[in-house]
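Peer 1: What follows is a predicted protein model with its sequence.
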Amino acid sequence: MKFTAPRGTHDLWGDQAKKLRKLEEICRDVFLRYNFSEIVTPTFEDASLFIKTTGETTDIVEKEMYVFADRKGRQLALRPEGTPSIARSYIENNLAQTAGIGKFYYVGSMFRYEQPQAGRYGEDYQIGVQYFGNASAEADAEVILLARDILIRAGIKQIDIRLHSLGCENCRPAFRKALTDYFKPDGEKGKELCDDCKKRVGKNPLRVLDCKIDGHKFEDAPKMEDHLCAECRCHMGRVTSLLKDAKCEYTLDHKLVRGLDYYTKTIFEIRSSALGAQDAMGGGGRYDLLIKELGGPDTPAVGFAFGAERVIIAAEKENPDFGREQVKVIFVAASSETFYSHAFKLAEKLRNSELGGKVSIEGPVTDKSLKSQLRLADKLGASKVVIFGEDEFTRGAVAVRDMKTQEQKEIQLSEVMEAL
Ligand SMILES: [Zn+2]
Ligand SMILES: [Zn+2]
């Protein structure tokens, strides 16, 4: 029997793995600059956590979640996104009291059962932040600017930031009512809806605006911006003015919904023209009610997440060498069995020297002849090869070959470290 990776998953190695680590490095550096600290939560949770937070009527929960029962029959789910787990952890570990400032970042796999498409997989590597306990527009702007910072540092210049407000508990009900009326089941518009939307329009009419089939069909549907209360309007005005001050370009997009139930006020999405027109590298928004709804203290919050591989696709489009840093290699070769243990010892010594922190040490590859070892060293792009050979060794020395110039010098064993 031949095994293959499960549908929707894939392996990463070589340059692709390097690119992922490079992006992670950039992110961790930016998170540090903005004083976010890391939080690590389990990859699976009680399934009902996601049903309650991400939302019963969302595509994620309805169609895309990996749900399974453990041996005791408990319903668990692989996390489809990061926010619910971190919100749960924030409450469970009383981080409001102990964390000083509620700024966290996370890096890890999210799982969704969906049709594989460019840069999107059943197991998706995501990088994101959550900022708890700050209701002000400055927190929204800080999170958006942090996200933009990461993209700029990844060499992505064509950044399309879409911004919208979903209103709050005071102003959204009127908007929902207007949408429900507009899409009433026996009405002209209601009849045009896809089967999924017909079912969910009563429960959650906002979902229609986010539907892949219906989302862009109804130009004259009611708009949230016409229903925003004074507070939400003012909040959005402050966010946009902070972004303008930071010379951050954005587009107000009243069709932006983001497929999650918990958002309030600001939501945003960051797109790149390198990806498909509708596909975002990531996005996020404010969710001021979620922590309280989960039984925690009244805590405003804002966050975002990137799909790492979508960011990498965008980065590669603008900078083909993204993450492709050449590692320096030094090769230690042995001309015959007599020198295997000498060469092995030297390699080990070099790895543990100061040099080892800067270059990779390879060799001796003892099932290959000297000729094959030199060929391999060349293939690996080694800058120098240390050769243990009969003649030199009788003089207590080795040969050091510069692979670029092919120049070879005899160096005393005690002076090899300096010569390299
Ligand atoms: Zn409002
Ligand atoms: Zn629909």
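Peer 2: Yep, it's here. Residues are numbered from 1 along each chain as shown. Ligands and ions are numbered 1, 2, ... in the order given.
Peer 1: Which strand residues bridge the residue of the stretch 301-420 of the chain found nearest ligand 2?
Peer 2: Nearest to ligand 2, among the residues of the stretch 301-420 of the chain, is Gly307, at 23.1 Å (Cβ to the ion). Glycine gets a C-beta too; all of them are placed from N, C-alpha and C. Gly307 has these beta-bridge partners by DSSP bridges: Gln126.
Peer 1: from here on, count from 53
Peer 2: Will do, 53 is the new start, and the previous item becomes Gly359.
Peer 1: just for the stretch 253-402 of the chain, where's the confidence low?
Peer 2: Within the stretch 253-402 of the chain, the stretches with pLDDT under 70 are 328-330.
Peer 1: Tell me which stretches of it form strands.
Peer 2: Assigned by DSSP state E, counting those that start in this stretch, the strands in the stretch 253-402 of the chain fall at 303-304, 316-323, 332-338, 353-359, 381-386.
Peer 1: want to throw those into CSV with distance to Leu398 and mean neighbour count?
Peer 2: Listed next are those as CSV, based on distance: least, Cβ to Cβ, whole Å; neighbours: other Cβ atoms under 10 Å:
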stretch, distance to Leu398, mean neighbour count
strand 303-304, 60, 12
strand 316-323, 50, 25
strand 332-338, 46, 25
strand 353-359, 44, 25
strand 381-386, 6, 26
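Peer 1: out of those, nearest to Leu218?
Peer 2: strand 316-323 (5.6 Å; Cβ to Cβ).
Peer 1: just how off-centre is the closest one within its chain?
Peer 2: Strand 316-323 sits 17 Å away from the centroid of its parent chain (Cα atoms, centre = their mean, to the nearest Å).
Peer 1: how much does that strand deviate in direction from strand 332-338?
Peer 2: Interaxial angle, strand 316-323 versus strand 332-338 (axes from the mean of the first three to the mean of the last three Cα atoms, to 10 degrees): 170 degrees.
Peer 1: coming back round to it: okay if I get the strands of the stretch 253-402 of the chain as JSON lines plus distance to Tyr158?
Peer 2: Output for the strands of the stretch 253-402 of the chain, formatted as JSON lines (distance: least, Cβ to Cβ, whole Å):
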{"stretch": "strand 303-304", "distance to Tyr158": "28"}
{"stretch": "strand 316-323", "distance to Tyr158": "18"}
{"stretch": "strand 332-338", "distance to Tyr158": "12"}
{"stretch": "strand 353-359", "distance to Tyr158": "8"}
{"stretch": "strand 381-386", "distance to Tyr158": "34"}
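Peer 1: which stretch among those strands comes nearest Glu116?
Peer 2: Using Cβ to Cβ, the strands of the stretch 253-402 of the chain put strand 353-359 closest to Glu116, at 13.8 Å.
Peer 1: one step back: do you know how far the residue of the stretch 353-472 of the chain closest to ligand 2 is from His62?
Peer 2: 14 Å (Cβ to Cβ, to the nearest Å).
Peer 1: so what's Phe374 up against?
Peer 2: 71, 74, 206-207, 364, 367-368 (Cβ atoms under 8 Å, 6 or more residues apart in numbering).
Peer 1: I misspoke; the intended subject was Asp266.
Peer 2: Here Asp266 is in contact with 244-246, 249, 260 (Cβ under 8 Å, 6+ apart).
Peer 1: Make CSV out of the contacts of Phe374 and add neighbour count and distance to Val195.
Peer 2: Listed next are the contacts of Phe374 as CSV, based on neighbours: other Cβ atoms under 10 Å; distance: Cβ to Cβ, whole Å:
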residue, neighbour count, distance to Val195
Lys71, 23, 24
Lys74, 18, 22
Ala206, 24, 17
Gly207, 16, 21
Ile364, 23, 21
Ala367, 25, 20
Glu368, 19, 25
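Peer 1: Just the closest of those to Ile213, please.
Peer 2: Ala206 (15.1 Å).
Peer 1: May I ask you to confirm that the closest one is in contact with Glu76?
Peer 2: No. Applying Cβ atoms under 8 Å as the test, Ala206 and Glu76 come out as separate, 10.8 Å apart.
Peer 1: residues from this structure in reach of ligand 1?
Peer 2: 219-220, 222-223, 281, 284 (Cβ under 5 Å from the ion).
Peer 1: now the residue nearest to Asp313 when sequence neighbours are not counted, what's its secondary structure?
Peer 2: Nearest non-adjacent residue to Asp313, counting by Cβ to Cβ, 6 or more residues apart in numbering: Gly107, 2.9 Å away. Here Gly107 is recorded as coil under DSSP: H, G, I helix; E, B strand; the rest coil.
Peer 1: any idea how far Leu342 is from Gly107?
Peer 2: The value you get for Gly107 to Leu342, if Cβ to Cβ is used, is 11 Å.
Peer 1: okay, and the common contacts of those two?
Peer 2: Common neighbours of Gly107 and Leu342 (Cβ under 8 Å, 6+ apart) are Tyr314.
Peer 1: Pull the contacting residues for whichever residue of the stretch 53-202 of the chain sits closest to ligand 2.
Peer 2: Nearest residue of the stretch 53-202 of the chain to ligand 2 (Cβ to the ion) works out as Asp111 at 10.0 Å. Shown in contact with Asp111 (Cβ under 8 Å, 6+ apart): Gly311.
Peer 1: State the distance from it to Tyr165.
Peer 2: Relative to Tyr165, and taking Cβ to Cβ, Asp111 is found at 11 Å.
Peer 1: repeat for Gly185
Peer 2: Gly185 sits 34 Å away from Tyr165, going by Cβ to Cβ.
Peer 1: burial count for the closest residue to Asp262 other than its chain neighbours?
Peer 2: Closest residue to Asp262 apart from its sequence neighbours, by Cβ to Cβ, 6+ apart: Val309 at 3.9 Å. Around Val309 sit 20 other residues, with neighbours defined as other Cβ atoms under 10 Å.
Peer 1: Was I right to think Val309 contacts Leu258?
Peer 2: Yes. Between Val309 and Leu258 there is a contact under Cβ under 8 Å: 5.8 Å.
Peer 1: Are there residues contacting both of the two? Which ones?
Peer 2: In contact with both Val309 and Leu258: Leu218, using Cβ under 8 Å, 6+ apart.
Peer 1: For Met455, which residues are in contact?
Peer 2: Counted by Cβ under 8 Å, 6+ apart, Met455 has contacts 429-430, 434-437.
Peer 1: Reformat these as TSV; add secondary structure, pLDDT and neighbour count.
Peer 2: What follows is the contacts of Met455, written out as TSV (DSSP: H, G, I helix; E, B strand; the rest coil; pLDDT from 0 to 100; neighbours: other Cβ atoms under 10 Å):
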residue	secondary structure	pLDDT	neighbour count
Ala429	helix	95	25
Asp430	helix	94	12
Ala434	coil	95	24
Ser435	coil	95	16
Lys436	strand	95	18
Val437	strand	96	25
